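Novice: next input, structure requested:
(4 chains)
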There are 2 protein chains.
Amino acid sequence: MSTMSYCSDTPPRCYCCCMIDPTVSNEAALVPGFDSAPIALVPAPAPAQARATLADVGRLAGVSPKTVSRVVLGSSNVSQETRERVLTAARSLRFRPNHLARNLRHGSVTNTVAFVIGDLTNPFYFLVAAGIERELAGHGLMMILAATDDDPASEERVVETLLKQRVRALLMVPIALDQGYLEGERQLGTPVVCIDRPAHNLIADSVVLENFEGTAEAVRGLIRAGHRRIAFVCSPAALYTHQERLRGYRQALREAGILDSSRWERLENADGPTAEQSVRELLALPDPPTAIIAGNNRASSGVVRALGNRFDTVAFIGFDDFELADAAGISVIAYDPAELGRQAARLVVARLDDPVGPPQQIEIPTHLIQRGSGELGVPLD
Amino acid sequence: MSTMSYCSDTPPRCYCCCMIDPTVSNEAALVPGFDSAPIALVPAPAPAQARATLADVGRLAGVSPKTVSRVVLGSSNVSQETRERVLTAARSLRFRPNHLARNLRHGSVTNTVAFVIGDLTNPFYFLVAAGIERELAGHGLMMILAATDDDPASEERVVETLLKQRVRALLMVPIALDQGYLEGERQLGTPVVCIDRPAHNLIADSVVLENFEGTAEAVRGLIRAGHRRIAFVCSPAALYTHQERLRGYRQALREAGILDSSRWERLENADGPTAEQSVRELLALPDPPTAIIAGNNRASSGVVRALGNRFDTVAFIGFDDFELADAAGISVIAYDPAELGRQAARLVVARLDDPVGPPQQIEIPTHLIQRGSGELGVPLD
DNA sequence: AGACTAAATGTCAGCGTTGACATGAATTGT
DNA sequence: ACAATTCATGTCAACGCTGACATTTAGTCT
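Specialist: Presented below is the predicted three-dimensional model:
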C-alpha cells in the first residue's frame, strides 16, 4: 500500500517520527520559508469506497457531469425529470460536492476566516471567538481557530500556514511586535483585523476596548469616595491594553493632584500567584493602599485570593468581569467580549466589501458594574 | 467588474440580501440538501495584483513550473544555482503555494479537523478546544471550530458544510439524537470522535468523563460523613452526562439503603437562576437537605448564589471545577477538560492511522478536590 | 570512444469543478 | 411554414499543483 515504517508494532504509534504522508509523496522534505512546518502528517486513510464525483453521478444518471453540476447548483435550466434522476443518483452514491475543487476553480477563494489567538486557555478569547463565529456564520463564513501559544515567532509561522490554505481573512490578537510581514498579503486582498490591540507596521482595522477611559473613570470614582492611596496591580506594562489602563489610572490620579503613583503600581506579572503576592506586599506597607485596581481578570483572581478576609476593608475594582464576581460582590470594569468579536467580524466583512477604504478602529465601551467592593469608603485610620 | 446591486449606497451595507458572490456565478441559487445554506456570500475583493503561481515564478526564474514545485517541496534533484534563482523569484513575487490545489491534486485530503460544539459560550468547551488544538497541531492538523447553538437540526447542516470542505476528521459534542447520517461518511474514511457523550446510531470513538463513578464516590463521602438527606441539582435528565451522574448519585444512596431519592432530585434546568431557585426550595423544606450535589458547573453557580450565608451549614460538592472555587473553599468533582480534548484528538489521529479497528471509548478520570464545603458534617438538629 | 549511470530539468495529464460556448430540440411569432 | 427564440444538454478548457514518465546533460567506467 504505502511504504511506512513504525517504531512500534502496535498502536498507539509515534506520529512524530514514523509517519510519512503518502499523499505528499516522497519528494516532500519541506523547505524553510515555504512548507516549513517540520511536522509529518498522518496518512490518509484507505477508503473502502471512493468518494463520488460529478462524473460518477452523471454516469449513473445517464447525463454529463455538467448537468449534474447544474442540478447541484440549482440552475433552472434542467428538466424536472432529469433533475430528479440526478438527485436520486447523487443520493444513492452519497455525493457531496468538493469545495476544494470548486474553490480552486473560482480563484482559490474560500469561506474560511482564521482567528489567531495567543493563549487559548484564556476564557476571554473564547467569548470573543463565540462572537466572531456567530457573526461570520451569518455571512456564510466559517471560523478556523489557531493558537500561537503567546510565542511571537510562532505567530508568523501560523499565519503563513493559514495563508497557504487561502483563508479569506485574518482576525488576530497580535503577539509579535511587528505585523509588517502581512502588508503584502493585505495588498493581495486579504483583510486583517486586529483584536484587543492594534497592529504594528501594518495597515489593519482593529477593535479595542475603552481601556484608558474605563480605568480612569473607575479611579475617579474611588477618588470621589475619598481614596488617595490607590494601587494598580497588573501584568507587564509592555502589553498595549495594560499600557492604556495604566495611563488611565495615572491620568485620574493626576487630575486629583497625585503626580507620582509609582509607589502603588505593581506591573510585573499577570499570573494569579504573582498578583496575589503583590497585593500581600502592598497590604504589608506601613501606609497600605485603601483601594486596589486590578488591570485584568487574572490579576483580579490574585487580588481576591490575597485579600481573603480583609475584603471589606480595602476597596477593589477589577478590569474584566469574571464568573461569580457578582456573588462575591466585586465591582468590575466590564464589557461584552462577544461584542468585541462581533465587531471584529463585521470589520472583516466590511473590508471584504471595500478593500481600499481607510482603516477603521472601533472602541468597545466599558462600564463600571458596582457590586459593593468598589464603593467602599476610606476606613478611619 | 461585477454586477451587484446594493440596498444602500454607503457601507455598512446589507450582506444578507444584496450580495452576490461573483465567484459563485449567477448560476448559483443553491439547492436543498446540497448547498442548502440560504446565505449569500460576501464578494471576493478585487486584488490590485494577482497572486503568483508556480508558473509565474517559473517564468521569472526561467524554469518550468515543475522545477519551481521541486524547489518549494524541497526535492534534492535541483541544482543549487537553480534553487537560489527560484527562491529569489518566489520571494519577489510573494509566492505562496496554494494548498487548495495541492490538496485537490492529492485526492482532496486536507489537514483540517473540525470541532463541532453546541454552545460556544460554555467555558468548558473552550478548554477542551485548547487541548484539541494543541494535540492536533503536533500532527500538522488544524482545528476548525463550528457551533450549532445547541440546535439538533443545525448539527447536520453544519456537519454537511464541513464535509463539503473535506475536513479530515470530525470531533463533536453530539447534540442531535441521531448521528446515523454520518455512517456513510465514516465508511468513506472520515473519523468521527464524540466528546463528552457517545454518538447514537453511529460507530464512533468517544471520550467521556467518569460521570457515574465520580459522582457516586462524592456521594459516598457525604454518606460516610453522616449525611442522609442529600440533594442533586442539575439540568434536564435527558443529557447523557447528567443521566450518568444521576445514576451515580442514586447508586451511592442505594448502597446506603436510601432507595428513593426523588424527593431530593431537581433536574429541570441547567441555567443558574433555576438551579438557584431549586436550592431555595429545597432549603425551605421542613426537612431540608444537609448536603447538595450540583450536576454541572452552571448548577454550581446557582447553588453558590442560593446558599449565600448559609454556606457553612450545608455541605456542597459540585461537578466541574470553576474559577475561584478554591478561594471560596468549594469542593468539586474535577477533571482536566484539556485532557478530554487531547485524548479526543489522539483518537482522531489513531483512527486516521487505522480506519478499521474496533471503536474505542476513553474515560477521563475525575477526582474529588476537597476544599471544605464538601467535608462539612451533619449539623445537629 | 562507446556504453552506462546519475543528476537536472521538462512534458503531460488529471485531481473535481464550472464558466464560456456550442449544439440540437422544442416552442413561438408572424 | 420558416426564422427567431427559448430551453435542455453537452463539450472543452482551465483553476494550481505535482506524480509518472521522458529527455537532456554531465560524469563514470571499461
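Novice: low-confidence stretches in the stretch 101-250 of chain A?
Specialist: Scanning the stretch 101-250 of chain A for pLDDT under 70 picks out A:237.
Novice: what residues does it have near DNA strand C?
Specialist: By CB under 7 Å from any atom of the strand, the residues of the stretch 101-250 of chain A that approach DNA strand C are A:101-102, A:104-106. For the C-beta atoms, the positions are set from N, CA and C on the backbone; glycine is no exception.
Novice: do you know how far A:Gln187 is from A:Leu202?
Specialist: According to CB to CB, to the nearest Å, A:Gln187 stands 11 Å off from A:Leu202.
Novice: narrow the residues of the stretch 101-250 of chain A next to DNA strand C to those that are buried.
Specialist: Neighbour-count burial (16 or more other CB atoms under 10 Å in any protein chain shown) applied to these gives A:101-102, A:104, A:106.
Novice: among those residues, which two are most distant?
Specialist: A:Ala101 and A:His106 (9.6 Å; CB to CB).
Novice: that older thread, neighbour count for A:Gln187 and A:Leu202, which is higher?
Specialist: Applying other CB atoms under 10 Å in any protein chain shown to A:Gln187 and A:Leu202 shows that A:Leu202 carries more neighbours, namely 19 against 14.
Novice: how deep is A:Leu368 tucked in, by neighbour count?
Specialist: 16.
Novice: typo on my end, it should be A:Glu133
Specialist: Neighbours of A:Glu133 (other CB under 10 Å): 26.
Novice: quick one: secondary structure of it?
Specialist: Secondary structure of A:Glu133, reduced to three states by DSSP: H, G, I helix; E, B strand; the rest coil: helix.
Novice: contacting residues around it?
Specialist: By CB atoms under 8 Å, 6 or more residues apart in numbering or on different chains, A:Glu133 lies in contact with A:143, A:341, B:120, B:145-147.
Novice: and what of A:Ile195?
Specialist: So A:Ile195 contacts A:128, A:171-173, A:206-208, A:340-341, A:344 (CB under 8 Å, 6+ apart).
Novice: quick check: phi and psi at the nearest residue to A:Val113 once chain neighbours are set aside.
Specialist: Of all residues not flanking A:Val113 in the chain, A:Ala169 sits nearest, at 4.7 Å (CB to CB, 6 or more residues apart in numbering or on different chains). Per-residue torsions, A:Ala169: phi -160, psi 160 (degrees, to the nearest 10).
Novice: so how many other residues sit close to A:Ala169?
Specialist: 24.
Novice: what about it, distance to A:Asp353?
Specialist: 11 Å.
Novice: among the contacts of A:Glu133, which one has the most neighbours?
Specialist: Neighbour max across the contacts of A:Glu133 (other CB under 10 Å) = A:Gly341, 29 neighbours.
Novice: measure that residue to A:Val173 for me?
Specialist: Taken as CB to CB, the span from A:Gly341 to A:Val173 is 11 Å.
Novice: quick one on the thing from earlier: the residue nearest to A:Val113 contacts A:Gly189, doesn't it?
Specialist: No: A:Ala169 is beyond contact range of A:Gly189, at 9.5 Å (criterion: CB atoms under 8 Å).
Novice: what do those two both touch?
Specialist: By CB under 8 Å, 6+ apart, no residue touches both A:Ala169 and A:Gly189.
Novice: for DNA strand C, see how far away the closest residue to DNA strand D within the stretch 151-300 of chain A is.
Specialist: Closest residue of the stretch 151-300 of chain A to DNA strand D, CB to the nearest atom of the strand: A:Lys164 (8.7 Å). For A:Lys164, the distance to DNA strand C equals 16 Å [CB to the nearest atom of the strand, to the nearest Å].
Novice: again with A:Tyr125
Specialist: For A:Tyr125, the distance to DNA strand C - CB to the nearest atom of the strand - is 35 Å.
Novice: what of A:Asp196?
Specialist: Distance from A:Asp196 to DNA strand C, by CB to the nearest atom of the strand: 38 Å.
Novice: show me where the stretch 51-200 of chain A has helices.
Specialist: Per DSSP state H, counting those that start in this stretch, the stretch 51-200 of chain A carries helices over the ranges A:54-61, A:65-73, A:80-92, A:99-105, A:123-137, A:152-164, A:183-187.
Novice: can you say which of those helices is nearest to B:Val193?
Specialist: Here helix A:123-137 is closest among the helices of the stretch 51-200 of chain A (CB to CB), at 20.6 Å.
Novice: that older thread, of all the contacts of A:Ile195, which comes closest to DNA strand C?
Specialist: The nearest member of those to DNA strand C, counting by CB to the nearest atom of the strand, is A:Leu171 at 27.4 Å.
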